[in-house]
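Novice: Quick one, what's the 3D model for this:
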Amino acid sequence: MTRCRLCGSEAMASVVDLGATPPCESFLAADQLDQPEPAYPLHLQVCTDCWLAQIPPLITPEETFKEYAYFSSFSTSWVEHARTFVADAVERVGLDADGSDAFVVEVASNDGYLLKHVVDRGIRCLGIEPSVNVGAAARDKGVPTLTEFLSPETGSAVRKEHGPANLVVANNVYAHIPDVVGFTQGLRALVADDGWVSIEVQHLLTLIEENQYDTIYHEHFQYYTVASAIQALASGGLTLVDVELLPTHGGSIRLWSRPAEVAGEPTQRVADVLAREKAAGLQELSGYTEFSARVAKVRRDLLKFLIEAAERGETVVGYGAPGKGNTLLNHCGIRPDLLAYTVDRNPYKHGRFTPGTRIPILPPEQIAADKPDYVLVLPWNLRAELTEQLSFVHEWGGRLVFPIPELSVVEVASRKVTA
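Specialist: Residues are numbered from 1 along each chain as shown. Okay, here's the model as predicted:
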């Protein structure tokens, strides 16, 4: 990658090189285990002009999202997060005002996990979702869904057919598109001239501070600070007016923007977060230089724990098969000799194997059947939810292991966790 995909600068600096891994959602069927598996470099760099962190666009969204293994509704906390957002957004934007013919569009709407709450309120809506399989699941829930990628042309076509949207939602997709300028122009095409765009995306500040390097994978083409997001939004004619700091995905930002012509002055919260980012050194190279060394320590600590457990004859299994987990497993070189299997609530993944590391994925009930000594929690960002779900492991003295931000082995007793 020689040029920044946002500003075109050639001033690119290395942040961390994770080697080469397969795409994180390319789960393998049993009959694929003896076939070649492509792997691509995973090298995070940052533009020292606009400070957008990014990886080379070595795979296309079409390769990843036409058939997708991730269904948002399998996370209880994520569904609740969406319900709360819809309730707050309806009030903020005035979507349920008397006589209102409000229209909400969600881009990358997945299986309808969010828009079903909009449908329940009787508000007109449309999901735009490129994955055929998860889009079909949304329609089964009664959520109108268009199977398409967002582009300026798609945005204009939707606007022409359905009218402009009072609210456009783009949760956990702004990192997933290599053409950030074209995607942002698509958002502007969708939204009414006095409307709102809400974007949720992982915050580069917490990614760096909390060693969350496993969220670097080929689906995530860029990684945002508020400062770089302001420039990305401006490329499509949108202006940031407010920001919220969220705990989701280990630390995310919710960006509230409007068409530049009506945006007005940003809130004090925008200035506050920009000041935090500057204080952390994220607008100069000093903020990135130690990250690679901390990543290496996470890897060493996890491997040491797994190797020592194996030498003691103790059993370790995984919980979850998220994309982030596959970055971690591949970077650490973890195979079934160290992690016998992992489990996942999504039936789509059962009987498949993790990309690269070929670890079997089984139903969650397997943990209670086998009573392992340790459960390595791969979706560590759901720590509270999964500690509750896995509280039963205390029955045989099992313990949970969280690899990030640093290795943490915890005992579960009476639904309480003690370090």
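
Novice: Residue 168 - that's part of a strand, no?
Specialist: Yes. Applying DSSP: H, G, I helix; E, B strand; the rest coil, one finds residue 168 inside a strand.

Novice: so how far is stretch 396-413 from its chain's centroid?
Specialist: Stretch 396-413 has its C-alpha centroid displaced from the chain centroid by 23 Å (C-alpha atoms, centre = their mean, to the nearest Å).

Novice: what does stretch 277-288 give?
Specialist: Using C-alpha atoms, centre = their mean, the offset of stretch 277-288 from its chain centre is 23 Å.

Novice: which parts of it are buried?
Specialist: Going by neighbour count (16 or more other C-beta atoms under 10 Å), the buried part of stretch 277-288 is 277, 280, 282, 283, 287, 288. All C-beta spots, glycine's among them, are computed from the backbone N, C-alpha and C.

Novice: How about the second one, nearest residue that isn't a chain neighbour?
Specialist: Okay, so that is residue 280. Distances taken as C-beta to C-beta, 6 or more residues apart in numbering place residue 287 nearest to residue 280, at 5.4 Å, with adjacent residues excluded.

Novice: any idea how far the one you found is from residue 412?
Specialist: Separation of residue 287 from residue 412 (C-beta to C-beta, to the nearest Å) stands at 36 Å.

Novice: And residue 29, by the same measure?
Specialist: For residue 29 relative to residue 412 (C-beta to C-beta), the value is 34 Å.

Novice: again with residue 42
Specialist: Distance, residue 42 to residue 412, by C-beta to C-beta: 33 Å.

Novice: which of those two has more neighbours?
Specialist: Neighbours per residue (other C-beta atoms under 10 Å) separate residue 42 from residue 412, with residue 42 holding more: 24 against 21.

Novice: Would you tell me what helix or strand that one is located in?
Specialist: Using DSSP states H and E, residue 42 maps to strand 40-47.

Novice: Just the C-alphas of stretch 122-130, formatted as CSV.
Specialist: Listed next in CSV are the C-alpha coordinates belonging to stretch 122-130 (Å, rounded to 0.1, in the frame of the first residue of the first chain):
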residue,chain,number,x,y,z
GLY,A,122,-44.5,1.2,13.0
ILE,A,123,-41.8,3.3,11.4
ARG,A,124,-41.1,2.8,7.7
CYS,A,125,-37.6,1.4,7.1
LEU,A,126,-35.3,-0.4,4.7
GLY,A,127,-32.2,-2.5,5.3
ILE,A,128,-29.4,-2.5,2.7
GLU,A,129,-27.4,-5.7,3.2
PRO,A,130,-25.0,-7.3,0.7
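
Novice: quick one: that stretch to chain centroid distance?
Specialist: The mean C-alpha position of stretch 122-130 is separated from the chain mean by 20 Å, C-alpha atoms, centre = their mean.
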